[in-house]
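> Pasting the sequence and the predicted model now:
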Amino acid sequence: MERIIEGKTIAVNEEGYLTDFNQWDQKIAEVLAAEAGVALTPKHWEVLKYLQDEQKNQVALSIRRIGKSGIVDIKEFYQLFPTAPLKTATKIAGIPKPASCI
């Protein structure tokens, strides 16, 4: 599937997750965040960068792991991404939905 964001055609799966991380950029992240009702702050960007780095290192992502990251605790993660935090954050970060998410 394809979708156009900010005039750029991106490949997405049926759930709207990017299928090619190389197409991701900050403008796309901002649009995806706005669609999810999230206004990105510097703390959001820190979390997104952490998620991308973990994905590059092929680490299985989970809310517990993010809580132990030293970037945010679990409570703050839920405050930053109130609805389905891990699904929302990974979608904005341009990485696949973690296996731990339904």
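In hand now; what should we look at?

> Can you point out the helix or strand that includes residue 86?
Assigned by DSSP states H and E, residue 86 belongs to helix 85-93.

> gap between the residue sitting nearest the centre point of the chain and residue 7?
The residue lying closest to the centre of the chain (Cα atoms, centre = their mean) is residue 90, at 2.5 Å. As defined by Cβ to Cβ, to the nearest Å, residue 90 lies at a distance of 24 Å from residue 7. Heads up, the C-betas are built off the backbone N, CA and C, glycines and all.

> so how far is residue 14 from the residue nearest to the centre of the chain?
From residue 90 over to residue 14 (counting by Cβ to Cβ), the distance is 15 Å.

> Could you do residue 72 as well?
For residue 72 relative to residue 14 (Cβ to Cβ), the value is 29 Å.

> neighbour-wise, which of the two wins?
More neighbours surround residue 72 than the other of residue 72 and residue 14, with 20 against 6 (other Cβ atoms under 10 Å).

> which residues touch stretch 37-49?
29-30, 33, 66, 71-72, 76-77, 80-83, 88-89, 92-93 (Cβ atoms under 8 Å, 6 or more residues apart in numbering).

> Could you write out the alpha-carbon coordinates of that stretch in CSV?
C-alpha atoms of stretch 37-49 as CSV (Å, rounded to 0.1, in the frame of the first residue of the first chain):
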residue,chain,number,x,y,z
GLY,A,37,-3.3,13.4,18.7
VAL,A,38,0.3,13.7,19.9
ALA,A,39,2.2,17.1,19.8
LEU,A,40,5.8,16.2,19.6
THR,A,41,8.2,17.7,22.2
PRO,A,42,11.9,17.2,22.7
LYS,A,43,11.2,14.3,25.1
HIS,A,44,9.0,12.6,22.4
TRP,A,45,11.9,12.9,19.9
GLU,A,46,14.3,11.3,22.5
VAL,A,47,11.9,8.4,22.8
LEU,A,48,11.5,8.1,19.0
LYS,A,49,15.3,8.1,18.5
